[in-house]
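Q: Build me a structure from this.
(chains A and B)
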Amino acid sequence: VIIKKGRIGTMRAIISVLAWLGMSLTISNLEAAMVAPGDSRAEESEALRSLRAEISVANLINGLHLGTDQTRQILDLALQAQAIVESGRCDLAEIRPEMETAYADLHTDVVTGNGIRPEVRRRALRVHMQELEVRHGAEGQVRALEERVEALLTEGQRQTLLRFTPCLLPQQWLNEPPRAGQSGSNQRTVQAIERLRALPDPAFARREGEIAERHLTGLRERDHVNLSEEEQRDEARRVQAIVRSARSMSDLEWSMHQEEIADDVRLLPHRQEAWEMEQRERYEPTDRPGRTARFLFGDAAIAVLQARVDGIDGHHETEGEGLVGITPADNCDNGQCALPPQRVR
Amino acid sequence: MTENLSRRQWLTTLGQGALALGLSPALLDLLSSPAAAAVTRTGRSLGGGSTITGADVERTRIECMFYDRLPNRAIRCHVCPLDCHLEDGQTCFCQTRTNHGGTLFNEAWANPARVRVDPIAKTPLYHVMPTESAMALGTAGCNLRCVFCQNWEDSQRRPRDGRWQHLPVDQAVDGAVGEDLRAVAFTFTEPVVFYEYALAIAEAAREHDIRSMVATAAFIQTEPLQRLCQSVDAFAVSIKATTDEAYHRLCGQRARASLDALVTIRESGKWLEIVYVVIPTINDDLDGIRRMSTWIASSLGADTPLHFARFFPAHQLQNLPRTPISQLEDAREAALDAGLRYVYLDNVPGHVAGNTVCPHCGRTVIERMGFEVLSTSLDEQGRCPHCGEAIPGLWT
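A: Numbers count the residues shown, from 1 in each chain, chains lettered A, B, ... in the order given. Down below sits the predicted model:
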């Protein structure tokens, strides 16, 4: 077909093929570079990965608001868990040569399709059982440590742990809790609806479609919710109805119900049941390590917890000299104490 | 004809021009009629729960309590210890009380800047109906100038500035009744500056069996406070610092009046909780905290709950970090050592020190996550279910 098109066509086709080949090679080189062990870029990638992991875990630990004792004890338990995992790795490494031989023989027998020799079956089963024993033993011990961590946490902290999803930038509920005496809502949705309430009718009419679109984009990009086209239309209609209703409210009604209205906007009704089920499943007791181990026993968590403990120790060592890294304000100790030592009631 | 200006004349003219330019907004404000002001703002019509603007304030204001008329239509206000002396047309330091022709009017009347439904625990009152919410409201204005105020956008404005709500007393109470709320909280800004409004709502709410509570710095004179104590059920009073110097530096006033007010509240028999925001390097001195705790225990009683609240950078204190949790824990330890029995950490949701623990048997009786109560095991009289110890508070 190419030749029939003539010289120009042929040249174009050759160039296209060469370009395609070049691109494929470049991509494969890139992939190779990304995964090649020992390569400096691979190390960079690993460094970035651990940086991201530490940021995410630090967000969680900030949101847990761990007390000093909790921080120390969880660090201790995490180090114990790490030692158990390390010991399990060593045990697995010891039986690895035997596993490799046994599984290689089993692989040969299974692939050839002539049946598995009894001796091969026996050896494969034995090493597999050994492997499982090591794994389950370590898992059981880690699970026991995990239970000790869970017992250290308050119910509120356990709920935070269940609700947490790995993140680079912390979600607002994690980073900016409502504070005593705070007047304004710290929910962005409330603030957004407040702005929409202030819009004159023509401006609102012009922007109504855009509002729904932005909401859907937020769901997709921030909350990773994928809706079908029909679901998207329903969702847009639902949110528009809520916003219209919020606009028609008196200031008092809006003031008193703004948090609920914002919750209504955020929570997709048809996803509610699935979400609740997911929460229930997270609460289901299991004999295998779960979220606590995943988030609090890893290298990243140990690094963050260790830094916190060092910070606490540093603070106590420098007590009276101001906090580490903070320029002390004028010394208040020199002022006369405003509080009399004793007062007669 | 042209005339050469000397250097001095030129500079004088320039200075006068700049002054005129600088004053022009204020002049315009003074010269503009209320009607003109109403046109420039985008409020809805004045009615129940509608928007109020600067022009409407003059129609909704009310005559203040606790002031003296002086010669030449001057006035001295006696609500707070500042004792503002006002000539005709002048407004108090708090921005809410204005002398109009020898009569003092409160412009914050029926004019809240914020109305919300919040847990009572957010006031923060942990020993008052723990699972209930309150209609929480506050107006613009404040008689303090706290550099760390988290609500400075409201507290450092005048009621006549901005776009507020028109909420007469009866509608405020009806709103609370309609929402099935059992409490009204005067909070966010300083209730002393909307004293008459708060008092009227508290009195009207009482007729509907709705309790009222006040979050305040208690920078108030004794007589108005005693009058307020007759109508209000609970107080959350914030102590800003443990030294006069730090107190003045943080909020521009002196501590003495607030300390006297605390004793007055205690003597009135009303429920009292104390809040202390621990600000790194400014009021976090442990010796001071020990002295304060000892004073609270001896003068107000060991059962007075004390809240150490975590500081978050706000307003003019953006250069300081959040209070480290370990520092809050140290403060709590110091307060417990001083003999206080209920010492909490606020703004650290999930922390164990947010829970109420029976001081007799050491069991947790109210478990909280922030201001949300996760579980409570106290009976209606506030007794510990494990040992029967009576935990003080207003539980029902």
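Q: neighbouring contacts of the helix or strand hosting A:Arg308?
A: Using DSSP states H and E, A:Arg308 maps to helix A:299-317. Residues outside helix A:299-317 that contact it (C-beta atoms under 8 Å, 6 or more residues apart in numbering or on different chains) are A:50, A:53-54, A:56-58, A:61, A:66, A:68, A:71-72, A:74-75, A:78-79, A:82, A:295-296, A:323-324, B:324, B:326-327. In short, each C-beta sits where N, CA and C put it, glycine included.
Q: are any of these buried, and which?
A: When the contacts of helix A:299-317 are checked for burial by 16 or more other C-beta atoms under 10 Å in any protein chain shown, the buried set is A:53-54, A:56-58, A:61, A:66, A:68, A:71-72, A:74-75, A:78, A:82, A:295-296, A:323, B:324, B:326-327.
Q: need the contact list for the most centrally placed residue in chain B.
A: Residue closest to the average C-alpha location in chain B (C-alpha atoms, centre = their mean): B:Glu190, at 2.8 Å. Applying C-beta under 8 Å, 6+ apart to B:Glu190 gives the contacts B:94, B:141-144, B:155, B:216-217, B:219.
Q: possible to save those residues as TSV with pLDDT?
A: Formatted as TSV, these follow (pLDDT from 0 to 100):
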residue	pLDDT
B:Cys94	96
B:Gly141	96
B:Cys142	96
B:Asn143	95
B:Leu144	95
B:Ser155	94
B:Thr216	97
B:Ala217	96
B:Phe219	96
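Q: Most neighbours of all these, which one?
A: With neighbours taken as other C-beta atoms under 10 Å in any protein chain shown, the top of the contacts of B:Glu190 is B:Gly141, carrying 30 neighbours.
Q: can I assume that residue is in contact with B:Arg160?
A: No - the criterion here is C-beta atoms under 8 Å, and B:Gly141 misses it with B:Arg160 at 9.8 Å.
Q: Just the angle for the helix or strand hosting A:Ala47 relative to helix A:299-317, thanks.
A: According to DSSP H and E, A:Ala47 maps onto helix A:40-64. Helix A:40-64 runs at 60 degrees relative to helix A:299-317, counting by axes from the mean of the first three to the mean of the last three C-alpha atoms, to 10 degrees.
Q: quick revisit: from the contacts of B:Glu190, which land in strands?
A: Among the contacts of B:Glu190, DSSP state E puts B:Thr216 in strands.
Q: what are the ranges of the helices in the chain?
A: Here I'm looking at chain A. With DSSP state H, the ranges of helices along chain A come out as A:7-35, A:40-64, A:68-112, A:118-152, A:155-163, A:172-175, A:188-198, A:201-221, A:229-248, A:251-266, A:269-283, A:291-296, A:299-317.
Q: To clarify, I was referring to chain B.
A: Taking DSSP H, the helices of chain B run over residues B:7-31, B:34-40, B:54-60, B:152-155, B:169-178, B:195-206, B:222-229, B:244-251, B:256-268, B:286-295, B:325-337.
Q: Compare the mean pLDDT across those and name the weakest.
A: When the helices of chain B are compared by mean pLDDT, helix B:34-40 comes last with a mean of 28.
Q: surely B:Leu328 meets B:Val278?
A: Yes - at 5.8 Å, B:Leu328 counts as touching B:Val278 under the criterion of C-beta under 8 Å.
Q: circling back to that earlier point, ok, the residue nearest to the centre of chain B to B:Ala108 distance?
A: B:Glu190 is 10 Å from B:Ala108, where distance means C-beta to C-beta, to the nearest Å.
Q: now A:Arg143
A: Here the criterion is C-beta to C-beta. By it, A:Arg143 lies 59 Å from B:Ala108.
Q: Between those two, which is the more surrounded one?
A: Using other C-beta under 10 Å, the more surrounded residue of A:Arg143 and B:Ala108 is B:Ala108, with 32 against 19.
Q: quick one, what contacts the more buried one?
A: Going by C-beta under 8 Å, 6+ apart, the list of residues near B:Ala108 reads B:96, B:139-141, B:159, B:193-194, B:197.
Q: Show me what from the stretch 51-200 of chain B comes close to chain A.
A: Within reach of chain A by C-beta under 8 Å from any C-beta of the partner chain, the stretch 51-200 of chain B has these residues: B:51, B:113-117, B:122-124, B:135, B:138, B:150-151, B:153-154, B:165, B:167, B:171, B:175, B:179, B:187-189.
Q: and those residues, which are buried?
A: By neighbour count, with 16+ other C-beta under 10 Å, those hold B:51, B:113-117, B:122-124, B:135, B:138, B:150-151, B:153-154, B:165, B:167, B:171, B:175, B:187-189 as buried.
Q: residues touching residue 208, list them.
A: Using chain A. Neighbour list for A:Glu208: A:240, A:243 [criterion: C-beta under 8 Å, 6+ apart].
Q: if you could check chain B rather than the one you did, that'd help
A: By C-beta under 8 Å, 6+ apart, the contact list for B:His208 reads B:173, B:176-177.
Q: For ChimeraX, what selects the buried ones among the residues you listed?
A: Burial among those is assessed by 16+ other C-beta under 10 Å; the matching ChimeraX selection reads:
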select /B:173,176
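Q: Which one of the contacts of B:His208 is nearest to B:Gly102?
A: The nearest member of those to B:Gly102, counting by C-beta to C-beta, is B:Val173 at 32.0 Å.
Q: For the nearest residue to that closest one once chain neighbours are set aside, give its distance to B:Ala185.
A: Distances taken as C-beta to C-beta, 6 or more residues apart in numbering or on different chains place B:Ala204 nearest to B:Val173, at 4.7 Å, with adjacent residues excluded. Using C-beta to C-beta, B:Ala204 is found at 15 Å from B:Ala185.
Q: Among those two, which residue is more densely surrounded?
A: Ranked by neighbour count (other C-beta under 10 Å), B:Ala204 and B:Ala185 place B:Ala185 first, with 31 against 19.
Q: which residues does the more buried one contact?
A: Contact partners of B:Ala185, counting by C-beta under 8 Å, 6+ apart, are B:118, B:120, B:123, B:134-137, B:212-215.
Q: which strands and helices sit next to the helix holding A:Ala47?
A: In this structure, helix A:40-64 makes packing contacts with helix A:7-35, helix A:155-163, helix A:172-175, helix A:291-296, helix A:299-317, judged by 3 or more C-beta pairs under 8 Å, 6 or more residues apart in numbering or on different chains; DSSP states H and E.
Q: The residue lying closest to A:Ile84 once chain neighbours are set aside: how many residues sit nearby?
A: Leaving out its chain neighbours, the residue that sits closest to A:Ile84 by C-beta to C-beta, 6+ apart is A:Gln141, at 4.8 Å. Neighbour count of A:Gln141, defined by other C-beta under 10 Å: 18.
Q: Can you name the residues of the stretch 101-250 of chain A that neighbour chain B?
A: Going by C-beta under 8 Å from any C-beta, the residues of the stretch 101-250 of chain A near chain B are A:153-157, A:159-160, A:176-185, A:198, A:200, A:250.
Q: Can I have the buried ones of those residues as a ChimeraX selection?
A: Buried members of those, defined by 16+ other C-beta under 10 Å, are picked up in ChimeraX with:
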select /A:153,154,156,157,159,160,177,178,179,180,181,182,183,184,185,250
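Q: if I look at B:Leu286, how far off is chain A?
A: Separation of B:Leu286 from chain A (C-beta to the nearest C-beta, to the nearest Å) stands at 7 Å.
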